[in-house]
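# Prediction below, plus the sequence it came from.
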Amino acid sequence: MKKGDHLFLVDGSGFIFRAFHALPPLTRKSDGLPVGAVSGFCNMLWKLLIDARDTSVGVTPTHFAVIFDYSARTFRKEIYDAYKANRQAPPEELVPQFGLIREATRAFNLPCIETEGFEADDIIATYARQAEAAGADVTIVSSDKDLMQLVTSMVHMYDSMKDKQIGIPDVVEKWGVPPEKMIDLQAMVGDSVDNVPGIPGIGPKTAAQLLEEFGDLDQLLARAGEIKQVKRRENIVANADLARLSRRLVSLRTDVPLDLDLGALVLEPQDGPKLIAFLKAMEFTTLTRRVATACDCNADEIEPAALKIEWGEAARGPDLDAGAPAPADTGEAAAEAPANPPKTPVARGTGAATPAELAGSRIEAFGRSSLDVSRYVTIRDVEVLDDWIRAARETGLVGFDTETNSLDPMQAELVGFSLAIADNTENPSGLDVRAAYVPLIHKTGVGDLLGGGMAENQIPTREALARLKPLLEDPSVLKVAQNLKFDYLVMKRHGITVESYDDTMLMSYVLEAGKASHGMDSLSERWLNHKPIAFKDVAGSGKAGVTFDYVGIDKATAYAAEDADVTLRLWMVLKPQLAAAGLTTVYERLERPLVSVLALMEERGITIDRQILSRLSGELAQKAAAFEDEIYQLAGERFTIGSPKQLGDILFGKMGLPGGAKTKTGQWSTSASVLEDLAATGHELPRKIVDWRQLTKLKSTYTDALPGYVHPETRRVHTSYSLASTTTGRLSSSEPNLQNIPVRTAEGRKIRTAFISTPGHKLVSADYSQIELRVLAHVADIPQLRQAFSDGIDIHAMTASEMFGVPVEGMPGEVRRRAKAINFGIIYGISAFGLANQLGIERSEASDYIKKYFERFPGIRDYMESTKNFARENGYVETIFGRRAHYPEIKSSNPSVRAFNERASINAPIQGSAADIIRRAMVRMEPALGNAGLSARMLLQVHDELIFEVEDEEIERTLPVIISTMEHAAMPAISMKVPLRVDARAASNWDEAH
DNA sequence: ACGTACACCTA
DNA sequence: GTAGGTGTACGTC
């Protein structure tokens, strides 16, 4: 084992315990063998392997072992006879499962490890320390506090049930002491379950406080006389020996003799048939199906394994006859991860051996297939609708699309919906798709003044939705949509929360960000060789355009059913490509879960105070008008100040001022920087233009426009986030864009005061400090940067000090400003031209700075070079989580196009990794708040900042949850080499909270 | 009515 | 120097 390797150590006994208690006790195989714990264990292990496997970078385990307790008789029992004496015998139905679980582990092709006389924890400790010494990272899959003493910067724990990483800060947060003091803390506190005595009257809080004061247990025992509280002092003095004994009991041994050395723990590929044979023997149908899909095996052709453990009639528990026994599959389903679509019927029967082959054959097959428009049907009564829904349930897969009368999902009314089903019983390659449209509120007539009544023979919306709801909310049926967030919101507003879904737009985004667009029409042309009917061909456009409820039902069916059909076909083409490219984890962890999170945020919206905006607008109008008068005076005529062309004529023509830069159309530029330069040479007019522009910009874009976005019913502003419109993985916000609300100038900041909390609440703003520079320090592994961030030093001052040899103390502001510009320049893929522009210095001087910078930080130059080379070789770059950003023009023969692509590909891993981190934080935020019993509502995201609305009384408890979730968001996939820092504040408006 | 250029707001 | 979105002017259809 070596540096860069990653060892996963699964606490098998802990897994069994949790699996047993998480599942209904009566889960049995058809012959009565209880298998609930086995089922839970297999599901948890499978999920862990899948979650960890698919990414090409980061957390991928290279070594893996599942560790079990051997027997109750351990060395601790020798030390202390009462150890674990309280422990009851395992429940009767668990006994036969221990052996099965070991068999299961071997069926997964994983080392199954136990050593006589030692507990699983000791084996884990031994392996963890050995791996750490070899320079490898370790993840201990357990949430047991007894293992927390092992946590270091290299060794983390991972609670797979809660998907929660436990690192040093989490231990400190939970117990009040760092991991290395956990032994002393446990020794003092004791453990009633394991019968570790501890010191009476000392709990975790007191123990942490005493350790803080005295350093460690030995010091405490030696100086116990100093403790003021009489009772506490007496307890400690009287029980000093018990505390020392307890310490021996809770200290994990790191010298357990091991049969297998680290090298033998190398993670082997799954043996599909072997695993399936075991799972079939256990009658775990859902997991069997899922594994078969992942391995592309045909489970029907595999014989169930012969089990070593049989369960005879005589051994049946009496409870089995008492009530109806639950089928084995029911218990298994209860342990499934909620968002995991269990059925992928069309994935089988193709004979493809690898994901890449499957992807290739799908592309080929679907590129040739044609859509059978004649089979599209209009559903006009519930009986037929029920038939379709039943078919969807049987297939476990359905294409879904909504039709509405507005592009704004917060305003849209549901006009109809369509379903597409893959009929794979006749055609195993899954090409046979049938689709239907269900019109709900189509009108007759053209919607003019005469109105036009409701068209006939439509299912009442209420009735149709009552039928549809169980399907959309059924976790065992996978719903496939294009840009699902829209449909998700529309359905949510109709009381339906879609569960188990895939989004073809997001799949395309993960596969091809930067290379191609992800709209349905272009996806269809690209992958299906089919041009779908254009919306404007059914609904018209412009003045002649109508909303979809005024489209005739026949035309609507052709359009809408086709959308569902195309979506389902796209899914079949794109899904295997994710696996083939190793991008499933990116899609499942960074994209798909954000659909519901963002939908929720958009639905919540944020309150704006229109009075404040209206007052500001008036002030801005007055000030702008005053400038206009002065501008006309100075220009000697009236003109359209907002027209760069007219302004250029005045400045550079009539007034004869020297022109600076040119725009790309050859006009003289009138940009702020040009005008600033002119102002500096003593001209009055340019300065006034700049000021006028600022005022009118604020007025038109913000104070005048924002009130128009207030929702008539909610009275709040609901932005729309786009998940798939940037190359790097950032979100974007529009209608209105709430990611560019002014903050830089005092005048602009006033607009932020109009974003307010509802009564009894505050807005909380939490933002990452310097996240992109921290990511840079991590990916380029720059010692000085890592050190500075670890020490909490001003990073720009440090840079300046390194470069110019100026001490940080008393550094002139200008020196720091230059270093700051350079740091930003680095992130943007620095060029001498750009840096010179930014700093207002000569290109040659900027060039010298860059040279100097690279001398001081050679690792940055290396990073940039290797990133560019990677981009040239692969056509894309990757974030630390494996997200790809494509730059197909990086080899352009045009030097400026090429240089631009090089800078962008240097920037993308940095910007994109930061974007991935906050995405992970957002995905975890809702459950984190929920688990903490907090009602805080996440409202907005602004790239490195999250804004929440929090009840006044909950603010104090909420801030640490938000901060911790954000700071630990990279883990466990990535252990950052620099800490992430988050600042958070609460106030009644966004300006003060920020 | 729609598209492009320019300018300018954010991280 | 990176990544976005929007308003205005002004061109084309």
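Sure thing, it's come through. Residues are numbered from 1 along each chain as shown, chains lettered A, B, ... in the order given.
# CA only for contacts and neighbour counts going forward, please
OK.
# quick one: low-confidence ranges for the stretch 351-500 of chain A?
Low-confidence segments of the stretch 351-500 of chain A (pLDDT under 70): A:351-353, A:424-431, A:446-452.
# mind listing the strands for it?
A:377-378, A:397-404, A:414-422, A:433-439, A:478-481 (DSSP state E, counting those that start in this stretch).
# burial measure for A:Phe881, as a count.
24 (other Cα atoms under 10 Å).
# Would you agree it is in contact with A:Ala914?
No. Using Cα atoms under 8 Å, A:Phe881 is not in contact with A:Ala914, being 10.1 Å away.
# I'd like the distance between A:Trp388 and A:Val38.
36 Å (Cα to Cα, to the nearest Å).
# Tell me which of the two has more neighbours.
Each of A:Trp388 and A:Val38 has its neighbours counted (other Cα under 10 Å); A:Val38 has more, 30 against 19.
# Report how many residues lie close to A:Val384.
Quick note: A:Val384 (other Cα under 10 Å) scores 12 neighbours.
# let me redo that: A:Asp31
There are 11 residues near A:Asp31, going by other Cα under 10 Å.
# Which element, helix or strand, includes it?
Using DSSP states H and E, A:Asp31 falls within no helix or strand.
# State the pLDDT value of it.
On pLDDT, A:Asp31 comes in at 75.
# who's in contact with A:Leu472?
A:479, A:496-499 (Cα atoms under 8 Å, 6 or more residues apart in numbering).
# Top of these by number of neighbours, please.
Among the contacts of A:Leu472, the one with the most neighbours (other Cα under 10 Å) is A:Lys479, at 28 neighbours.
# Which per-residue confidence value corresponds to the residue nearest to it when sequence neighbours are not counted?
Nearest non-adjacent residue to A:Lys479, counting by Cα to Cα, 6 or more residues apart in numbering: A:Tyr501, 4.5 Å away. Per-residue pLDDT puts A:Tyr501 at 97.
# Need the contacts of A:Leu472 in CSV (columns: distance to A:Pro644).
Output for the contacts of A:Leu472, formatted as CSV (distance: Cα to Cα, whole Å):
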residue, distance to A:Pro644
A:Lys479, 50
A:Ile496, 50
A:Thr497, 50
A:Val498, 49
A:Glu499, 51
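# before we move on, the earlier item: I'd like the strands of the stretch 351-500 of chain A as a markdown table, with distance to A:Leu528 appended.
Formatted as a markdown table, the strands of the stretch 351-500 of chain A follow (distance: least, Cα to Cα, whole Å):
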| stretch | distance to A:Leu528 |
| --- | --- |
| strand A:377-378 | 21 |
| strand A:397-404 | 16 |
| strand A:414-422 | 15 |
| strand A:433-439 | 13 |
| strand A:478-481 | 16 |
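# that older thread, can you narrow the contacts of A:Leu472 to ones near DNA strand C?
Among the contacts of A:Leu472, no residue is within reach of DNA strand C (Cα under 7 Å from any atom of the strand).
# Phi and psi next, for the residue nearest to A:Cys112 when sequence neighbours are not counted.
Leaving aside its chain neighbours, A:Cys112 sits nearest to A:Val66 (5.2 Å; criterion: Cα to Cα, 6+ apart). A:Val66 adopts backbone torsions of phi -110, psi 130, taken as degrees, to the nearest 10.
# What residues are bridge-paired with A:Val66?
Following DSSP bridges, A:Val66 is listed with bridge partners A:Val10, A:Cys112.
# residue contacts, it?
A:9-12, A:105, A:110-113.
# from these, which is closest to A:Val438?
A:Thr105 (48.0 Å; Cα to Cα).
# The closest residue to the closest one other than its chain neighbours and DNA strand B, how far apart?
Once flanking residues are discounted, A:Thr105 sits nearest to A:Cys112: 6.3 Å by Cα to Cα, 6+ apart. As judged by Cα to the nearest atom of the strand, to the nearest Å, A:Cys112 and DNA strand B stand 46 Å apart.
# Isn't A:Cys112 up against A:Ile67?
Yes. At 6.1 Å, A:Cys112 counts as touching A:Ile67 under the criterion of Cα under 8 Å.
# These two - which one has more neighbours?
A:Ile67 (26 against 20).
# Identify the residues contacting the more buried one.
By Cα under 8 Å, 6+ apart, A:Ile67 lies in contact with A:9-13, A:112-114, A:120, A:123-124.
# repeat for A:Pro783
Per Cα under 8 Å, 6+ apart, neighbours of A:Pro783: A:Ala777.
# what's the next secondary structure element after the helix or strand harbouring A:Arg248?
Element membership for A:Arg248 (DSSP H and E) is helix A:240-250. Using DSSP H and E, the helix or strand that follows helix A:240-250 in sequence is helix A:272-282.
# chain center to that following helix: distance?
32 Å (Cα atoms, centre = their mean, to the nearest Å).
# Local confidence estimate at the residue of chain A positioned farthest from its centre?
Farthest-out residue of chain A from its mean C-alpha position, per Cα atoms, centre = their mean: A:Gly636, at 57.6 Å. What the model reports for A:Gly636 is a pLDDT of 93.
# ok, and for stretch A:225-234, which residues are buried?
The neighbour-count check on stretch A:225-234 (16 or more other Cα atoms under 10 Å) flags A:232-233 as buried.
# So for that stretch, mean pLDDT?
Stretch A:225-234 comes out at a mean pLDDT of 79.
# pLDDT-wise, which helix or strand of chain A ranks last?
None of the helices or strands of chain A scores lower by mean pLDDT, DSSP states H and E than helix A:319-322, at a mean of 29.
# which strands and helices sit next to the longest helix seen in chain A?
The longest helix of chain A (DSSP state H) is helix A:895-931. Other elements packing on helix A:895-931 under the criterion 3 or more Cα pairs under 8 Å, 6 or more residues apart in numbering; DSSP states H and E are helix A:592-604, helix A:771-780, helix A:813-827, helix A:858-874, strand A:876-878, strand A:884-886, helix A:955-967.
# Show me the contact partners of the third one.
In other words, helix A:813-827. Residues beyond helix A:813-827 that count as contacts (Cα under 8 Å, 6+ apart) turn out to be A:772-773, A:776, A:796-797, A:799-800, A:830-831, A:834-835, A:838-839, A:850, A:906-907, A:910.
# Near DNA strand B, which residues of chain A are found?
Chain A comes close to DNA strand B at residues A:541-543, A:644, A:663-673, A:690, A:693-694, A:697-698, A:739-745, A:748, A:942-945, as judged by Cα under 7 Å from any atom of the strand.
# which ones among the residues you listed come in contact with DNA strand C?
A:644, A:697, A:739-740.
# who wins for most neighbours among those?
So for these (other Cα under 10 Å), the most neighbours sit at A:Gln739, 17 neighbours.
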